[in-house]
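*Asks:* I would like to see how this sequence folds:
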Amino acid sequence: KEKRGEQMREKMTTANSAEQGKVDIDFAECAVPKWSRRRFVTMFMIMLGFTFFSASMWTGQTLGDSLDLSGFIGSLILGGIILAIYTGSLAYVGAKTGLSLDLLAQHSFGAKGSYLPSVLTSFTQIGWFGVGVAMFAIPVAKLIAPENPWLPYLLVAIAGICMTGSAFFGIKAMTIVSYISVPLIAILGITAMVMAVKTGDVPLAEKFAESQGMSVIAGAGLVIGSFVSGGTATPNFARFSKTALQSVIVTVVAFFIGNSLMFCFGAFSGVYVGGNDIFEVMVALNLTVFAIIVLGLNIWTTNDNALYTAGLGLSNITKVRKRPMVVISGILGTVTAVWLYNNFVGWLNILNCTLPPVGMIVVLGYFCHKEEYEKWDVIPRQVNWFAIAGVLIGAAVANLVPWGIASVNGMVIAAVCYLVGELVEWKKKK
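*Replies:* Numbers count the residues shown, from 1 in each chain. Presented below is the predicted three-dimensional model:
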């Protein structure tokens, strides 16, 4: 195995253009070579599109209903800083090693132990993919033909096929989707938001002043929780950055801008039209066609990334290539989309708390054992039980402890468990 790994590493480094064309462009089973790294603008579009998610608008509405304007801004800044540290660290590790989240997990959790984070990320992302498909199909069906009971399912099928298709063709297709979607969503969404403010009967600050009942810390917790599960998959995309510095800058800036924009869309929708999505604002402003376009693209840019992540995770477990796993994940998410939308969002929020401990351990694993990652295909252990315990105990604490910020609580516990394991291993070697 080590000899085969050395041959693959050599090919990744020295391959000519003809050989490069034969290599899996998504590098599901190996590090991304230097010749396949993307430029700054491309990575920025991919990462910005990743954050454009309608579920974040739900969080924005909650923040807008519960905080005054200064509290709303404070929550975005505090939550954004914590998310930036978390996702920026993952981006650095992903770009520095060129490895996906699942390949990184093989080093920190062990070859077999990595199945736990792969299962958690895969099924959480399949779940959110299904919810996202239904979030497009159900409101659009109600808008254009509310009396037709089959239209939501038809739209679910169409959206599921399109989004699965872009994830199937991997990073190149996702790049095209992002280049088209990101400018349209930003321009149309911001335009609708400004129009809503101008048509309001009172100034924006007074609208937010009517909100109450939440602390800035609690608001920051919602900001973090809304995207921390998706943010855990950052290495899957950051590994395509040309340099580690580029990946950190792209991730931090794109995630802060994208998430803040989604929260603003949701908050402004809530305070001006009583909805939770910029889609409803645009419909209220008689911009129906643009509303459908923005809603569809908004979900698409996140859903293809989610399915891509699920495909990588299932590939790690089954040892089957990524593309068939993407298709299976897309079918599963599409078939169960309406049911997931109606019944599973609460469970998905619980599952979200399992992923920050995974990301924390992946980052610690790299910084504690940098030398191991030079030979990314040589895995020194089968299972790291302290890492497994860190995820399980961290997730339990995140879900059950009522104070503080749930995601941060989970990460702290995971870090303690992992570092205790490192101390035990160090003492054994002495």
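*Asks:* pretty sure Val397 is in contact with Ala415, am I right?
*Replies:* No: taking contacts as CB atoms under 8 Å, Val397 lies outside contact range of Ala415: 11.8 Å. (Each C-beta comes from the backbone N, C-alpha and C, glycine too.)
*Asks:* okay, helices next: where are they in the stretch 251-400 of the chain?
*Replies:* Taking DSSP state H, counting those that start in this stretch as the test, the helices found in the stretch 251-400 of the chain are 278-284, 288-318, 322-335, 337-343, 345-352, 355-368, 385-400.
*Asks:* which strands or helices does the last one pack on?
*Replies:* If I follow you right, that is helix 385-400. helix 101-109, helix 115-144, helix 355-368, helix 406-429 (3 or more CB pairs under 8 Å, 6 or more residues apart in numbering; DSSP states H and E).
*Asks:* about what we covered before: least reliable of the helices of the stretch 251-400 of the chain going by mean pLDDT?
*Replies:* Among the helices of the stretch 251-400 of the chain, helix 345-352 has the lowest mean pLDDT, at a mean of 70.
*Asks:* got the helices of the stretch 251-400 of the chain as TSV, with distance to Ser70 columns?
*Replies:* TSV is the format used below for the helices of the stretch 251-400 of the chain (distance: least, CB to CB, whole Å):
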stretch	distance to Ser70
helix 278-284	23
helix 288-318	28
helix 322-335	39
helix 337-343	34
helix 345-352	27
helix 355-368	27
helix 385-400	28
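*Asks:* for Val156, find the nearest of these.
*Replies:* helix 337-343 (4.9 Å; CB to CB).
*Asks:* I'd like the helices of the stretch 251-400 of the chain as CSV, with mean neighbour count and distance to Ser100 appended.
*Replies:* CSV is the format used below for the helices of the stretch 251-400 of the chain (neighbours: other CB atoms under 10 Å; distance: least, CB to CB, whole Å):
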stretch, mean neighbour count, distance to Ser100
helix 278-284, 25, 32
helix 288-318, 25, 5
helix 322-335, 21, 9
helix 337-343, 17, 25
helix 345-352, 16, 20
helix 355-368, 25, 11
helix 385-400, 21, 17
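*Asks:* which among these is found nearest to Thr232?
*Replies:* helix 355-368 (4.2 Å).
*Asks:* just want the angle from the closest one to helix 101-109.
*Replies:* Interaxial angle of helix 355-368 relative to helix 101-109 (axes from the mean of the first three to the mean of the last three CA atoms, to 10 degrees): 70 degrees.
*Asks:* alpha carbons only: can I get helix 355-368 in PDB?
*Replies:* Below are the C-alpha coordinates for helix 355-368, written out as PDB (Å, rounded to 0.1, in the frame of the first residue of the first chain):
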ATOM      1  CA  LEU A 355     -20.100  18.100  13.700                       C
ATOM      2  CA  PRO A 356     -18.300  20.900  15.500                       C
ATOM      3  CA  PRO A 357     -16.400  18.400  17.700                       C
ATOM      4  CA  VAL A 358     -15.400  16.600  14.500                       C
ATOM      5  CA  GLY A 359     -13.900  19.800  13.000                       C
ATOM      6  CA  MET A 360     -12.100  20.600  16.200                       C
ATOM      7  CA  ILE A 361     -10.500  17.200  16.400                       C
ATOM      8  CA  VAL A 362      -9.500  17.300  12.700                       C
ATOM      9  CA  VAL A 363      -7.700  20.600  13.300                       C
ATOM     10  CA  LEU A 364      -6.000  19.400  16.500                       C
ATOM     11  CA  GLY A 365      -5.000  16.200  14.700                       C
ATOM     12  CA  TYR A 366      -3.100  18.200  12.100                       C
ATOM     13  CA  PHE A 367      -1.300  20.600  14.400                       C
ATOM     14  CA  CYS A 368      -0.300  17.800  16.800                       C
END
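*Asks:* what's the spacing between it and its chain's center?
*Replies:* Distance of helix 355-368 from the chain centroid (CA atoms, centre = their mean, to the nearest Å) equals 16 Å.
*Asks:* cool, stretch 377-396 as well?
*Replies:* Here the centre of stretch 377-396 is set off from its chain's centre by 22 Å, with CA atoms, centre = their mean.
*Asks:* give the buried residues for stretch 191-211.
*Replies:* Ala192, Met193, Met195, Ala196, Lys207, Phe208, Ser211 (16 or more other CB atoms under 10 Å).
*Asks:* so which residues make contact with that stretch?
*Replies:* 64-69, 71-72, 264-265, 267-269, 271-273, 278, 281-282, 284-285, 287, 290-291, 294 (CB atoms under 8 Å, 6 or more residues apart in numbering).
*Asks:* what about 6 Å?
*Replies:* Here stretch 191-211 makes contact (CB atoms under 6 Å, 6 or more residues apart in numbering) with Asp65, Ser66, Leu67, Asp68, Leu69, Phe268, Val271, Tyr272, Ile278, Val281, Met282, Leu285.
*Asks:* now do stretch 397-405
*Replies:* Residues contacting stretch 397-405 (CB under 6 Å, 6+ apart): Gly221, Ile350, Cys353, Ala406, Asn409, Gly410, Ile413.
*Asks:* which of those sits closest to Pro146?
*Replies:* Of the contacts of stretch 397-405, the one sitting nearest to Pro146 (CB to CB) turns out to be Ile350, at 32.4 Å.
*Asks:* so what's the closest one up against?
*Replies:* Ile350 neighbours (CB under 6 Å, 6+ apart): Asn399.
*Asks:* immediately after the helix or strand bottoming out on mean pLDDT in the chain, which helix or strand?
*Replies:* Lowest on mean pLDDT, DSSP states H and E among the helices and strands of the chain sits helix 17-20, with a mean of 44. Toward the C-terminus, helix 17-20 is succeeded by helix 40-51 as the next helix or strand (DSSP states H and E).
*Asks:* mind giving me the packing neighbours of the following helix or strand past that next one?
*Replies:* Sequence-wise, the next helix or strand downstream of helix 40-51 (DSSP H and E) is helix 54-66. With contacts defined as 3 or more CB pairs under 6 Å, 6 or more residues apart in numbering; DSSP states H and E, helix 54-66 has these neighbours: helix 216-231, helix 244-273.
*Asks:* any residues touching helix 54-66, and which ones?
*Replies:* Identification of contacts with helix 54-66 by CB under 6 Å, 6+ apart yields 72, 135, 211, 213-214, 219, 222, 226, 262-263, 265-267, 270-271, 276-277, 298-299.
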